[in-house]
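Engineer: after the sequence you'll find the predicted model.
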Amino acid sequence: MFNLPRGTRDFTPEEMEKRRYVEHHMASTIKSFGYREIQTPTFETLELFTAKSGDAIIDELYSFKDKGGRDLALRPELTAPVMRFYVEKLQMEPKPLKLFYFGNCFRYDRPQKGRYREFQQMGCELIGTSTTEALAELIALAYYAIKNTGLKNIDIRIGNLDFLNQQFKTCLSEYYPAGANEVFRLIDKEDFNELHNQFDNYGIPEEKQKKFLGFLGSNNINDLKKYIQVKDLKRYEEIISILKNDYGISKIKIEMKIARGLDYYKGLVFEIDAPILGAEKQLCGGGEYDLVEQFGGTDVSTSGFALGFDRTILALETENYTFPSYDIEVYIIPVNETTIRKSIEIAKNLRKEGILTDMDLLRRGIGKSLKYANSKNAKKVIIIGPEELEKNSVVVKDMKSGEQEIIKISNLINKLKNN
């Protein structure tokens, strides 16, 4: 007996219906904003990921040598492959370039609720513009891509890494000669007890501690004005204004504690949460990037987001969202062997008209076939017997009401479509 590898999943037909439903609604929303789909390979050169994140990331990857001795890795995320693709083949495309993608990613991580070693990710990249309206549209897109799946309770948190770096330099840089990563790692983990201990151990004056922590606690524009010059706040404030007043998104939080991905993020950053998921609430993260030059391209404004597809489904399930069921519309029962070929012909014609049609393939009796059709939530059953066929007719049974009637085969499609 073979077992499922740790951190992976099998999906039943019912689960796949949920996944395709969410994927369809996300993709439809993203396309409505003018984005076009691309696809990159499931594996890339190992160097593609170490160039961005350093050799330390190797422990988190499924990396291997191929038969030619080349170092490769299953993709842990999709931003780096898309940037590689852009630099290699898309730099001359008209700007702005709006790209989206959907695919499996792999991380050698400790499996936990909503986090797997193989997972699906959807994301968008906006290349060639950094206007306030462009960034507001990107955040609105991420919000509606999630909201339009049916999820009710989601929050947007918007931060700014330029502001965070500025406050670090003003308050703390002289005490951290190696740079900000140690502080930002603790902020990202929300480990403020350890951050306080570290400040005390490093002898940081209370006044500077208070100023830096006060900045982190800012949750409105007036608070930020105590730390950031008005001229520097203008762009940030305008983006939030567009989101609230033009896109009608009210649940926006100013959040200066977003310290994610500082090795390549810059400027505006944002995260979208589903509070119902508790500690593992984050569904989406993104912002402005600085990646193209790292992959050998010409410097260009880049922003985007990655969306946790699996966690979105988990959030919908936790909210008890009722997913639509893809029930069989028609189930065909041949009464005996002489009616099988005609049953196949009728099934073919119904399917050509887009009617979801199944047919008994086990040559069961009518009773057992009706029981099976009921288990599959078939709406109608067509019983094809030799006597009815002599009159070019079939019996159509409504499985909800139990009523049945004899219908001419020539009228069958119209009858089914009108009911």
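Structural biologist: Ah, there it is.
Engineer: flag every buried residue along stretch 61-80.
Structural biologist: With burial defined by 16 or more other Cβ atoms under 10 Å, the residues of stretch 61-80 counted as buried are 61, 63, 72-80. In this view, the C-beta of every residue, glycine as well, is placed from N, C-alpha and C.
Engineer: now swap in stretch 338-354 and tell me
Structural biologist: Residues of stretch 338-354 classed as buried by neighbour count (16+ other Cβ under 10 Å): 339-340, 342-343, 346-347, 350.
Engineer: how's this protein carved up into domains?
Structural biologist: Structural domains of the chain, as assigned by automatic domain parsing, span the residue ranges 13-318, 330-418.
Engineer: possible to save those domains as CSV with mean pLDDT and distance to Met1?
Structural biologist: Written out in CSV, the entries for the domains of the chain read as follows (pLDDT from 0 to 100; distance: least, Cβ to Cβ, whole Å):
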stretch, mean pLDDT, distance to Met1
domain 13-318, 91, 21
domain 330-418, 94, 27
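Engineer: could I get the ones you listed as TSV with distance to Arg6?
Structural biologist: As requested, the domains of the chain are exported to TSV (distance: least, Cβ to Cβ, whole Å):
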stretch	distance to Arg6
domain 13-318	6
domain 330-418	33
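Engineer: was I right about Phe102 contacting Glu23?
Structural biologist: Yes - counting by Cβ atoms under 8 Å, Phe102 does reach Glu23; the two are 6.6 Å apart.
Engineer: so for the two, which residues contact both of them?
Structural biologist: Any residue near both Phe102 and Glu23 by Cβ atoms under 8 Å, 6 or more residues apart in numbering counts here, and that gives 122, 309.
Engineer: before we move on, the earlier item: closest to Tyr247 out of the buried residues of stretch 338-354?
Structural biologist: Each of the buried residues of stretch 338-354 was scored against Tyr247 by Cβ to Cβ, and Leu350 proved nearest at 43.4 Å.
Engineer: need phi/psi at the residue nearest to the closest one when sequence neighbours are not counted.
Structural biologist: The spatial neighbour of Leu350 that comes closest, neighbours along the chain excluded (Cβ to Cβ, 6 or more residues apart in numbering), is Thr357 at 4.4 Å. Backbone geometry at Thr357, expressed as degrees, to the nearest 10, gives phi -130, psi 130.
Engineer: residue contacts, Thr357?
Structural biologist: By Cβ under 8 Å, 6+ apart, the residues touching Thr357 are 328-332, 347, 350-351.
Engineer: if we can go back for a sec, which of the buried residues of stretch 338-354 fall within strands?
Structural biologist: The subset of the buried residues of stretch 338-354 located in strands under the criterion DSSP state E is empty.
Engineer: secondary structure class of the nearest residue to Ile249 once chain neighbours are set aside, three-state.
Structural biologist: Setting aside the residues directly before and after it, Ile249 is nearest to Leu243 in space (Cβ to Cβ, 6+ apart), at 4.9 Å. Leu243 carries the three-state label helix when classified by DSSP: H, G, I helix; E, B strand; the rest coil.
Engineer: relative to Leu138, which of the buried residues of stretch 61-80 is nearest.
Structural biologist: Taking the buried residues of stretch 61-80 together and measuring to Leu138 by Cβ to Cβ, the closest member is Thr79, at 13.7 Å.
Engineer: shouldn't that closest one be in contact with Phe305?
Structural biologist: No - counting by Cβ under 8 Å, Thr79 does not reach Phe305; the two are 9.3 Å apart.
Engineer: which residues do the two both contact?
Structural biologist: Common neighbours of Thr79 and Phe305, using Cβ under 8 Å, 6+ apart, are Gly123.
Engineer: going along the chain, name the strands of the stretch 101-250 of the chain.
Structural biologist: Secondary structure of the stretch 101-250 of the chain, counting by DSSP state E, counting those that start in this stretch: strands at 118-127, 155-160.
Engineer: identify each buried residue in the first one, please.
Structural biologist: Burial within strand 118-127, assessed by neighbour count using 16+ other Cβ under 10 Å, is assigned to 119-127.
Engineer: contacts only, for the residue nearest to Glu47 when sequence neighbours are not counted.
Structural biologist: Of all residues beyond its chain neighbours, the one nearest Glu47 is Asp71 (7.0 Å), with distances taken as Cβ to Cβ, 6+ apart. By Cβ under 8 Å, 6+ apart, the residues touching Asp71 are 45-47, 63-65.
Engineer: which one of the residues you listed is nearest Gly296?
Structural biologist: Within the set of those, Glu47 lies nearest Gly296; the separation is 11.8 Å, counting by Cβ to Cβ.
Engineer: what about that closest one, distance to Asn419?
Structural biologist: For Glu47, the distance to Asn419 equals 61 Å [Cβ to Cβ, to the nearest Å].
Engineer: and the two? Which one has more around it.
Structural biologist: Glu47 (12 against 9; other Cβ atoms under 10 Å).
Engineer: what about the more buried one, which SS state?
Structural biologist: Strictly by three-state DSSP, Glu47 counts as helix.
Engineer: list the contacts of Ile276.
Structural biologist: Applying Cβ under 8 Å, 6+ apart to Ile276 gives the contacts 153, 315, 318-319.
Engineer: inside strands: which ones of the buried residues of stretch 61-80?
Structural biologist: Checked against DSSP E, the buried residues of stretch 61-80 include these in strands: 63, 72-74.
Engineer: wait, the residue nearest to Ile249 sits on Ser250?
Structural biologist: No - contact status for Leu243 versus Ser250: not in contact, 9.2 Å apart, counting by Cβ under 8 Å.
Engineer: neighbour count winner among those two?
Structural biologist: Taking Leu243 and Ser250 together and counting by other Cβ under 10 Å, Leu243 has the greater number of neighbours (22 against 8).
Engineer: gap between that one and Glu237?
Structural biologist: From Leu243 over to Glu237 the distance is 11 Å, taken as Cβ to Cβ.
Engineer: got it, and Gln91?
Structural biologist: 33 Å.
Engineer: also Lys67?
Structural biologist: Distance, Lys67 to Glu237, by Cβ to Cβ: 56 Å.
Engineer: distance to Ala136 for the buried residues of strand 118-127 - can I get that in a markdown table?
Structural biologist: As requested, these are arranged in a markdown table below (distance: Cβ to Cβ, whole Å):
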| residue | distance to Ala136 |
| --- | --- |
| Phe119 | 29 |
| Gln120 | 27 |
| Gln121 | 23 |
| Met122 | 20 |
| Gly123 | 18 |
| Cys124 | 14 |
| Glu125 | 17 |
| Leu126 | 11 |
| Ile127 | 17 |
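Engineer: report the two of these separated the most.
Structural biologist: Spatially, the most separated pair among those is Phe119 and Ile127, at 24.8 Å (Cβ to Cβ).
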